[in-house]
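Turn this into a structure:
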Amino acid sequence: MIDAVTTRSLTRSFEEYIAVDSLELSVNAGEIFGLVGPDGAGKTTTIRLLVGVLDATSGDATVLGAPLSALDSIRPRIGYLSQRFGLYEDLTVAENLLFFARLQGVTGKVYEDRSRDLLAFSGLGPFTGRLAGQLSGGMKQKLGLSCSLLHKPEILFLDEPTAGVDPVSRREFWRLLYSLLKDNVTIFVATSYMDEAERCSRLGFLHNGRLISLDTPERIRSEAGNASLEQAFLRKVGDTDAD
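Now for the predicted structure:
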């Protein structure tokens, strides 16, 4: 089986600043992969490289078997929810869904069926007439997720999707993500929350643009003497900085 994502020495520099430094990782099809690290670690830049928003300085990657230079050929198979998803706050929930469906070429009965399913999936059915600007943070993220799923992507990239969202809404959002696995959707999520990292199949720890650990949460904790993920991350950072 072809890995959903593979990177080979993937690097992105901004003048003298190296945001992503020789990244080497692979993501299995059908798993939830977490890219974990604090602000400025390189998580957002990595995702923007993998969805084609940014060009790599050097190295390469494949997404669903396609190299970065050929991402346009698989664009309909990719979903992307950025840190600041561009919902139109003066449009209703239903109008936002329709707008993004048209952008993705989802029309007619396919749109009707898909939007109905996603409204049920997200729990937004009772709020179709509410302006997006009047939604809570958690509901906005659910709407953003629904918009990114209209075209049934095979892989979904999520850039810190629950940043600033209350804990209850975060848990509900993750419940929705888990429900996508039954459809074999691969999920690549960037997060700085260690409780969310625990929910992932495998993790990659990023520090100053470099991958310092790549394994399951259980193995990462075990290697750190059964410490918490936060403690394991801090020890890896200390070891890396010492080198």
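
need the helices for this structure, in chain order.
For the chain, the helices defined by DSSP state H cover 43-50, 93-103, 108-122, 137-149, 167-180, 194-197, 217-223, 229-242.

For the longest one, what is the distance to the chain centroid?
Put plainly, it is helix 108-122. 22 Å (C-alpha atoms, centre = their mean, to the nearest Å).

Repeat that for the second one.
Counting by C-alpha atoms, centre = their mean, helix 93-103 is centred 21 Å from the centre of its parent chain.

ok, residue 126 to residue 140 distance?
Going from residue 126 to residue 140 by C-beta to C-beta, to the nearest Å gives 16 Å. Where you see a C-beta, it was placed from the backbone N, CA and C, and this is true even at glycine.

what about the residue positioned nearest the centre of the chain, distance to residue 62?
Geometric centre of the chain, nearest residue: residue 158, 1.9 Å, by C-alpha atoms, centre = their mean. Relative to residue 62, residue 158 is positioned 19 Å away (C-beta to C-beta).

Sketch out the low-pLDDT regions of this structure for me.
1, 85 (pLDDT under 70).

what's the closest residue to residue 201 other than its chain neighbours in contact with, if anything?
Excluding the flanking residues, the one nearest residue 201 by C-beta to C-beta, 6 or more residues apart in numbering is residue 31, at 4.0 Å. Residue 31 is in contact with 4, 186-187, 201-202, counting by C-beta atoms under 8 Å, 6 or more residues apart in numbering.

Which of the residues you listed ranks first by neighbour count?
Within the contacts of residue 31, residue 186 tops the neighbour count with 25 neighbours, counted by other C-beta atoms under 10 Å.

neighbours of residue 145, just the number please.
Residue 145: 23 neighbours (other C-beta under 10 Å).

so it sits right up against residue 173, yeah?
Yes - between residue 145 and residue 173 a contact is recorded at 7.2 Å, counting by C-beta atoms under 8 Å.

intersection of neighbour lists for these two?
residue 161.

Flag every buried residue along stretch 137-144.
By neighbour count on 16 or more other C-beta atoms under 10 Å, the buried set for stretch 137-144 is 138-144.

Of these, just say which sits nearest to residue 180.
residue 142 (12.9 Å; C-beta to C-beta).

Can you tell me the closest non-neighbouring residue to the closest one?
Distances taken as C-beta to C-beta, 6+ apart place residue 122 nearest to residue 142, at 4.3 Å, with adjacent residues excluded.

residue contacts, that neighbour?
So residue 122 contacts 142-143, 145-146, 176 (C-beta under 8 Å, 6+ apart).

which two from those end up farthest apart in space?
Within those, 143 and 176 form the most distant pair, 11.6 Å apart (C-beta to C-beta).

Distance check, the closest residue to residue 79 other than its chain neighbours against residue 77.
In space, and not counting its chain neighbours, residue 79 is closest to residue 153: 3.4 Å by C-beta to C-beta, 6+ apart. As for residue 153, its distance to residue 77 is 6 Å (criterion: C-beta to C-beta).

Settle it for me: which of those two has more neighbours?
Comparing residue 153 with residue 77 by other C-beta under 10 Å, the one with more neighbours is residue 153, at 21 against 15.

now that one: how far from residue 64?
In terms of C-beta to C-beta, residue 153 sits 10 Å off from residue 64.

again with residue 121
23 Å.

what distance separates the start and the end of stretch 116-134?
Terminal residues of stretch 116-134 lie 21 Å apart, using C-alpha to C-alpha, to the nearest Å.

Flag every buried residue along that stretch.
Under the neighbour-count criterion of 16+ other C-beta under 10 Å, stretch 116-134 has 118-119, 121-122, 124, 127, 132 buried.
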